[in-house]
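Visitor: 3D, please:
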Amino acid sequence: MASKAAYKRLSKEYVAMQKEPPPFVWAAPDEKNILNWNYIIRGPPDSPFAGGEYHGVLLFPSEYPFKPPGIKMLTPSGRFQPDKKICFSMSDFHPGSWNPAWSVATILTGLLSFMLSDEMTTGSVTSTDAEKRNYASRSHAWNIQQKRFREAFPEYCTPAARDVPNMAEKERGVSQAPAPPAPSSSPSTTTVTPVSLQPQPVQPPTASASDKAVSRTSNGTSSPGDTGAQGWAASLRQIVWDKWRWGVVLALALVVSRLSSSN
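Guide: Below you'll find the model as predicted:
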């Protein structure tokens, strides 16, 4: 059972998670026990886990936030042993290095960073990038077959993998694709089809100021070609004027010089 401090802290962190979820991560407490949280990590682009959907659990002690949680990843990933506790600096393997200021968002961001590294520890496994990509392509189909995943995240039990609320669109400079609608059937009867992430929409380039600088034609419209012709004509007139002006100056100087010499 959660202590009053743990209950208050975890309730606050759930509100914070909904308001500002970290990139590629989503998590929620169990309805019956606030000490048990389920999380989803989406594999970041340009990594062997791209397109993957990884379900796991955070097991908080009743003394939280003064003691760290146990951490497991349930979905086969090629990085961690499924349903085995993972040893890293924010887990219950290292209570001495735990910082009570760390939160659910901090823990899961740290777990994602550790997942992307090659460091070996208790609970990790060795695999090639090709094997990781293979696990990623099958991860969603595997998840929606698991009762624990369906109970924890019924809204994510769609035929195609749904993005978590924050897919780092702002950081990557892209727009988030709309999440697929929930199926009309129950999650347990959903047809499993392997899917890959859809490409992000590309915004059309905007016209520059120079592209917009066009001249008027006789019918009131504008033509870039006319602008170029007028620009060249203006330049030519300026060159002629400059040469004529300097010619006059030189002629006057020559007359003055001859008058001075004759005197």
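Visitor: residues near Pro100, how many?
Guide: 11 (other Cβ atoms under 10 Å). All C-beta atoms are positioned from the backbone trio N, CA, C, and that covers glycine.
Visitor: my bad, should have said Asp83
Guide: Asp83 has 14 neighbouring residues, counting by other Cβ under 10 Å.
Visitor: just Ala161 next, same as before
Guide: With other Cβ under 10 Å as criterion, Ala161 counts 24.
Visitor: pretty sure it is touching Gly51, no?
Guide: Yes - using Cβ atoms under 8 Å, Ala161 is in contact with Gly51, at 7.4 Å.
Visitor: what are the ranges of the strands in the chain?
Guide: 25-29, 36-42, 53-59, 70-73, 215-216, 222-223 (DSSP state E).
Visitor: looking at those, which is closest to Gln145?
Guide: strand 53-59 (11.3 Å; Cβ to Cβ).
Visitor: mean confidence for that closest one?
Guide: Strand 53-59 shows an average pLDDT of 98 in the prediction.
Visitor: Ala152 contacts Asn36, correct?
Guide: No - assessed by Cβ under 8 Å, Ala152 is found out of contact with Asn36, at 9.6 Å.
Visitor: Quick check: neighbours shared by those two?
Guide: By Cβ atoms under 8 Å, 6 or more residues apart in numbering, Ala152 and Asn36 have these common neighbours: Asp30.
Visitor: Per-residue pLDDT of the nearest residue to Ser62 once chain neighbours are set aside, please?
Guide: Leaving aside its sequence neighbours, Ser62 sits nearest to Ser3 (Cβ to Cβ, 6 or more residues apart in numbering; 5.1 Å). On pLDDT, Ser3 comes in at 94.
Visitor: OK, contacts around Ser3?
Guide: Counting by Cβ under 8 Å, 6+ apart, Ser3 has contacts Ser62, Glu63, Tyr64.
Visitor: repeat for Ser62
Guide: Ser62 touches Met1, Ala2, Ser3, Ala6, Leu35, counting by Cβ under 8 Å, 6+ apart.
Visitor: how close does it get to Ala2?
Guide: 6 Å (Cβ to Cβ, to the nearest Å).
Visitor: Now do the shared contacts for those two.
Guide: Leu35.
Visitor: In PyMOL, how would I select just the buried ones from the contacts of Ser62?
Guide: Applying 16 or more other Cβ atoms under 10 Å to the contacts of Ser62 leaves a buried subset, and the PyMOL line that selects it is:
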select buried, resi 2+6+35
